[in-house]
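Need coordinates for the following:
(2 chains)
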Amino acid sequence: MTTVEDPPAVIQAPERRIRILERPRATTGKFSWVTTVDHKKIAIMYATLALCFFVVGGIEALFIRLQLAQPDGTILSAARYNEFFTMHGTTMVFLLGMPIAAAFGNFLVPLMIGARDVAFPRLNMLGFWVFALGGLFLYSSFALGGAPDGGWFGYAPLTSTPLAAGYLPGRGTDFWTVGIIMLGIGSVATAVNFLVTILNMRAPGMTMMRMPVFVWMMLVVAFLTLFAMPPVTAALIMVFMDRNFHTNFFNAAAGGDPLMYQNLFWIFGHPEVYILILPGMGIVSEILPVFSRKPLFGYSIVVFSGIAIGFLGWGVWAHHMFTSGLGPVAVSAFGLSTMLIAIPTGVKIFNWLATVWGGAVRLRTPMLFALGFIAQFTVGGLSGVMHSIVPSDTQQTDTYFVVAHFHYVLFGGLVFAVFGGFYYWWPKVFGTMLNERMGKLNFWLMVIGFNLTFFPMHFLGFEGQPRRTYTYPSGMGWDTMNLLATIGAFIIATSVAVFIVNVIFTARRGERVSHDPWDGRTLEWSIPSPPPEYNFAVVPIVTGIDDYWHRKYTEDDEGRLVKLPAGGAVDDAEHAPAGFDPHSIHMPSPSYWPLIFAIALPIMGYGFVFKNWYLLAAGVVVAFFGLNGWAIEPSAEPEPSGTEAH
Amino acid sequence: MLDRTQRFRRAGATAAIAIAVVTLASCGDSTGPKNKQNALRPAGKYSRQILHLTEPFFWIAVLVGLGVIGGTFFVALRFREKPGEERAVKQVHGNTILEISWTIIPALILLVMAVPTIATIFSLAKKPTGPNVVHVTVTARQWWWQFHYDDPGNGVETANELHIPIGAPISLTLQGPPACSPAPCYANGVLHSFWVPELNGKKDVVPGRKQFLKLEADKPGTYLGQCAEYCGLSHADMRLRVIAQTPADYDAWVKSQLATKTSEAALETGVNNTTYQCASCHSFKSGTAGAVAPNLAHLADRTAFAGDKYLLNYDNLWHWVYDAPGRKPMGKLVQHMPAFNQVGMSQAEAQKIACFLLTNTATNPNPPSECAGK
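Modelled structure (predicted):
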């Protein structure tokens, strides 16, 4: 390996450190995953880890369901139950929902806009490692003095009252506040990267209104993340200060206001719902046209509806607080704004159905999941509108009706879209096709299990069962439905197991498929599977929506589909103009520094949680070491072709 | 081997049957005779007002939902491509009239729903007036409910069980416990939510604020309720019951609760002692709040205790006195009913205290048989 020539002024002091952590070159081999800045590898790591957390959060849910399978359950203690429901929510929102969107976004956004990389590869890498270490930090609380048990929403003053009062004993809440702040840093880094990538890195001709809907949704999500994380970060810092340094932000006895926490949390928390669901809507908007062989119905309306949902999402936060005593004027206003948000959501659903209408529908696994999304998300959307009927909400809120509602949105919606996305893009990511028979089994088990678990919860809520209760007495009429829900939960678990078996089976068999097995429409299908590190041998020049589709098909006078004889050649090195040399494409080199900065965060975090100021100082030192190295790291020159030794 | 169409139809039918079974099971369950905590069976005008508002929208939602789900099945099956078939699909990119109509029609439906919604919001927020309104201050404690009647001539102090007269509006003032002193102490409480579904929707209890909620019951009966805002370890065990009585029965109950009983002093001396110091938290005087724990002067008149977790009877009560944290999770709460068995209380002592509490009351002249001779 040759040493990089640096300007002398830069290397004076930190010369030795740079030698130690010299910019790595290896882009293959196991270790290269640790230092990679390749958006596709980062995407695979995001998805793998998010799925692991999905399984962990799912196991917590199974314990919750076992405890509630019958009245006076004794599987879990009250303390353990409260930890499990808190960590189930926290995990599914912060360690599954947000990172899985980052996984799809990372893999697909550059490919869909015809870019060779993201705008900030090292920032992107930081986002992943902060998520990974932040997630482990949160889970380390189980071994280090108690897991978070204040709910995923962590309402003050329960969470903010100092430990001495004994409301929430243990360090769980400290792990939770510090952990969520940490994960927020990663989310914002990722959001900034997506924003700049989408706005600045599009291929020639890829105008905004030619971008795939998934890219549009990721753009909206990036904006939402950027503006939603600051208020919750402020709220969490206040909770931490109240709890540990005896400030009085939420201490009513000293003039603080508990409702301020709720306002700050839900100004984050409601946009967060759209941060979670919009990527799912994007995935569905990509799958439906491909498996109907028709363009998305009303593309611009669907895009606009997504933007409208993003904007309106800022104006509905108080509908989480309808019973907190805001007064009739405020709740009327937020009731109306909540009704308003149903309109663009409904428009999307109708456009999706119109997309499938009249198409040549292929009911392959991705399409089944997308159709499942439409049906189940609609149920969640309608129960959501019922919450805007404020007096009805005073009966429904904090009951199992709400649990049913948001699981129809986030499981029936997002999780179904994510599984559809896995089946759809698997051949692009790995060059192999997941087994279709197991896929269908996976789908139907999930549909049956999901509806069996969550449909009865609507009635449980109406009949008075509150959320977040570790037990309920017999004789309330809740027994049968709770038992059904528990059975359903285990059917869901079975369907996830089928998926995992399918992944292992597919990896073992390793049967290759073509670069475009679904007859796709968007640019990612125009390049080899899996894509080369540089994505596009020749950067495409885009002439319309669904550019790749129009290289394969045209329309006759009556608008019917006509196949072009020689359309749709793969955009790879062989088809590139003569003299094309992949090594001449400058790709960003791997780096250690974002990882070092990411490692500093949990060190600081433990310092805060245990009030160990030496640990905190050590973390700060590591953070500066990482940032400094990052800032002055030279960009590695591409090596002369043919001399690549590793 | 079935062909694909048949397989899909069969899978679809299975799913439909599964959902139907769940729905039916749910409906069957809801008519269970014992559930008195059911928002679908309102027992007073406020709760009924809410259900009447919910119902039309619920059915609209059911219709729209069935329409979209049916539509999804329809487009999937009707336009399914047969194996080997290559259909020249007409490429439709959009339709302005359709877009406008499916924007405007939902907007109109929502507009129609908004009018009664807002009317109901303001109607439910209106404080009741008149001579028959009963005013009660509700203090949400960790994890039980303290009730204090505020009307002139009615200073009843009770816990977890709210007696109300039927046909009269009950005006509740919800509050957190009073701030403790001196600092630093943190007994100002956390969020709770007061909810008796058959009598009205819920309202949060927010430390530092006084919140308003009204109740009204049509006919005598017991209506169950529960804290609906997560409040820590024993959130599930923070229950309550509302006992609605005819005005005559209610007046009699108020009188009995205010009666200064000759046995009150005996009760205090009988129960309280220097080792266990019950009176440092509880009060044994009618109409007087305990420092942090329920008033026990009329305990025997109640039907349940410990945040309505246990029915009041001899066995439940002495076990509670003996080892409360073993019967209801208390965690590390600074002030809670201690585990007296760990500071030397014998079972016999606990039984004796329970008997004192159950025997010495004006309105409950029949002591439990187990207490004979204790």
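
use CA for all of it now, contacts and neighbours both
OK.

Give me the residue ranges of chain B where confidence is low.
Across chain B, the ranges flagged by pLDDT under 70 are B:1-34, B:181-187, B:261-267, B:270, B:272-273, B:360-366, B:373-374.

biggest helix in it by residues?
Secondary structure of chain B per DSSP state H: the longest helix is helix B:45-78.

How far does that helix sit from its chain's centre?
27 Å (Cα atoms, centre = their mean, to the nearest Å).

right, is that helix up against chain A?
Yes - using Cα under 8 Å from any Cα of the partner chain, we find that helix B:45-78 touches chain A at B:50-51, B:53-54, B:57-58, B:61, B:65, B:68-69, B:71-72, B:75-76.

Reformat these as a markdown table; add neighbour count.
Output for the residues of helix B:45-78 next to chain A, formatted as a markdown table (neighbours: other Cα atoms under 10 Å in any protein chain shown):
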| residue | neighbour count |
| --- | --- |
| B:Ile50 | 26 |
| B:Leu51 | 22 |
| B:Leu53 | 19 |
| B:Thr54 | 21 |
| B:Phe57 | 20 |
| B:Phe58 | 16 |
| B:Ala61 | 19 |
| B:Gly65 | 21 |
| B:Val68 | 20 |
| B:Ile69 | 19 |
| B:Gly71 | 18 |
| B:Thr72 | 23 |
| B:Val75 | 20 |
| B:Ala76 | 24 |
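
Sort out which one of the residues you listed lies nearest B:Tyr230 for me.
Nearest to B:Tyr230 among the residues of helix B:45-78 next to chain A is B:Ile50, at 23.5 Å by Cα to Cα.

So the closest one is in contact with A:Val390, correct?
No - B:Ile50 is beyond contact range of A:Val390, at 9.2 Å (criterion: Cα atoms under 8 Å).

Now do the buried residues in stretch A:483-499.
By neighbour count on 16 or more other Cα atoms under 10 Å in any protein chain shown, the buried set for stretch A:483-499 is A:483-496, A:498-499.

Closest one of the residues you listed to chain B?
Of all the buried residues of stretch A:483-499, the one with the least separation from chain B (Cα to the nearest Cα) is A:Leu484, at 7.8 Å.

other SSEs contacting the host helix or strand of the closest one?
Using DSSP states H and E, the element containing A:Leu484 is helix A:479-509. With contacts defined as 3 or more Cα pairs under 8 Å, 6 or more residues apart in numbering or on different chains; DSSP states H and E, helix A:479-509 has these neighbours: helix A:39-68, helix A:436-462, helix B:4-30.

can you tell me if the first one touches chain B.
Just to be clear, that refers to helix A:39-68. No - taking Cα under 8 Å from any Cα as the criterion, helix A:39-68 and chain B are apart, separated by no less than 11.9 Å.

and after that helix, which helix or strand comes next?
Downstream of helix A:39-68 (by DSSP H and E), the next one is helix A:78-90.

for the longest helix of chain B, packing partners?
With contacts defined as 3+ Cα pairs under 8 Å, 6+ apart, helix B:45-78 has these neighbours: helix A:328-356, helix A:365-388, helix A:390-396, helix B:96-125.

Turn the ones you listed into a markdown table, columns for distance to A:Asn451 and mean neighbour count.
Converted to a markdown table, the helices and strands packed on helix B:45-78 look like this (distance: least, Cα to Cα, whole Å; neighbours: other Cα atoms under 10 Å in any protein chain shown):
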| stretch | distance to A:Asn451 | mean neighbour count |
| --- | --- | --- |
| helix A:328-356 | 20 | 22 |
| helix A:365-388 | 9 | 25 |
| helix A:390-396 | 19 | 28 |
| helix B:96-125 | 26 | 15 |
